[in-house]
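1. A structural model of the following input is requested.
(one chain, ligands or ions: 1)
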Amino acid sequence: MTDRPATVAVQSLHKSYGDFKAVEDLSFSVFPGEIFGLLGPNGAGKTTTLEMIEGLRRPDGGQILVAGIDAQNQPRAVREIIGVQLQQTSLYNNIRVEEALRLFGGYYRTQKPVEELLDLVSLQDKRHSFHKNLSGGQQQRLALALALVNDPLIIFLDEPTTGLDPQARRNLWDIILKMRSADKSIILTTHYMEEAERLCDRIAIMDHGRVIAQGSPKELIGQLKVDSCIEFLSEGNADPEQLQKLPGVSRVTVIHQRVEIFSEAPQTTLTALLALSNTAGFAIGDLHIRRATLEDLFIELTGRSLRE
Ligand code: ATP
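-> Numbers count the residues shown, from 1 in each chain. I've put the predicted structure just below:
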């Protein structure tokens, strides 16, 4: 993947709104056939970053090359080769599916055939339906098809599956993965950890306008050094300090009654935990062991949850 030139190369990007630094010293590259995720809490600067690359906002400093084209000097040339998924609210309700695809296609020199687009997002049966009569998942798939009307090299998806049920989300993931197979570069923002882990080849985790970690999901989770978390509901008082002293434990969090113990030796920790619960007088409910996630890494790096 990385032996080919980057389709998007962002170098030392800065953007402030007044005194507020929304994006600070941001650098990353995205390659053909790669899904790159920008992950971060509300206000981290993800949308601002996308909009600067798309040529919709002017950076205060830094360089953006899109397929080798300087996005600040030649925003029109960039717009010809990128596709941007619009939020559904910006679509007219009284437009039919096929009509919308033809209308949007008309803005570009290169146009992908409407039949191919309908086929890709499985909306052949809905070609004559009004946008307002589509389900949430169908509307999102149409929004995706509209981002592809010019057969772009690079596709920007800003929280593409927000509000969708699991089935509709999976359908959309399949389409995104098909686009990757077609050698497109995809940059997406998401709040969903599972989505980022499942889809993204590489991820930049953003917080307060800065990248605080970057790598493949596996590399990022590897930074935690432990990959197991023992979770349970404590009935009675489980003392975090005592839990921290159990063998193999690297970190303990207790929120209300939900306890999370990160361990490099889960079996040993678990045995000691059960013994402790007897002597310290707390009961253990809803016990399970899970793999560490990107969410855990975010908490370790920032002390906050991605969803706060
Ligand atoms: P979300 O996940 O909520 O969409 P985000 O990571 O995409 O968040 P941005 O929308 O890029 O974050 O916003 C970054 C910060 O910049 C936020 O604190 C936001 O309030 C601020 N901001 C964004 N646009 C403007 C603007 N036009 N004027 C002033 N402040 C802005």
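
2. Now do the contacts for the closest residue to residue 277 other than its chain neighbours.
-> Once flanking residues are discounted, residue 277 sits nearest to residue 284: 5.3 Å by CB to CB, 6 or more residues apart in numbering. For the C-beta atoms, the positions are set from N, CA and C on the backbone; glycine is no exception. Shown here is residue 284, whose contacts under the criterion CB atoms under 8 Å, 6 or more residues apart in numbering are 232, 233, 234, 235, 273, 274, 277.

3. now swap in residue 121 and tell me
-> Under the criterion of CB under 8 Å, 6+ apart, the contact list for residue 121 reads 141, 142, 144, 145, 175.

4. right, and the pair among these with maximum separation?
-> With CB to CB as the measure, no two of the contacts of residue 121 lie farther apart than 142 and 175, at 11.3 Å.

5. of the two, who's got more company?
-> Under the criterion of other CB atoms under 10 Å, the comparison of residue 142 against residue 175 puts residue 142 first, with 25 against 17.

6. quick check, that one in a helix?
-> Yes. For residue 142, which was evaluated using DSSP: H, G, I helix; E, B strand; the rest coil, the result is membership in a helix.

7. Which pLDDT value goes with it?
-> In this prediction, residue 142 carries a pLDDT score of 92.

8. Could you measure from it over to residue 282?
-> 52 Å (CB to CB, to the nearest Å).

9. ok, back up a step: can you tell me the SS state at the residue nearest to residue 277?
-> Secondary structure, three-state DSSP: residue 284 is strand.

10. is it in a bridge, and if so with what?
-> Beta-bridge partners recorded for residue 284 (DSSP bridges): residue 234.

11. How many neighbouring residues does the nearest residue to residue 239 once chain neighbours are set aside have?
-> Of all residues not flanking residue 239 in the chain, residue 280 sits nearest, at 6.7 Å (CB to CB, 6+ apart). Residues within reach of residue 280, counting by other CB under 10 Å, total 14.

12. And for residue 285?
-> Other residues within reach of residue 285 by the criterion other CB under 10 Å amount to 10.

13. Leaving out chain neighbours, which residue sits closest to the spatially most central residue of the chain?
-> By CA atoms, centre = their mean, the mean C-alpha position of the chain lies nearest to residue 190, the distance being 3.1 Å. With CB to CB, 6+ apart as the criterion, residue 190 has its nearest non-adjacent residue at 5.5 Å, and that residue is residue 196.
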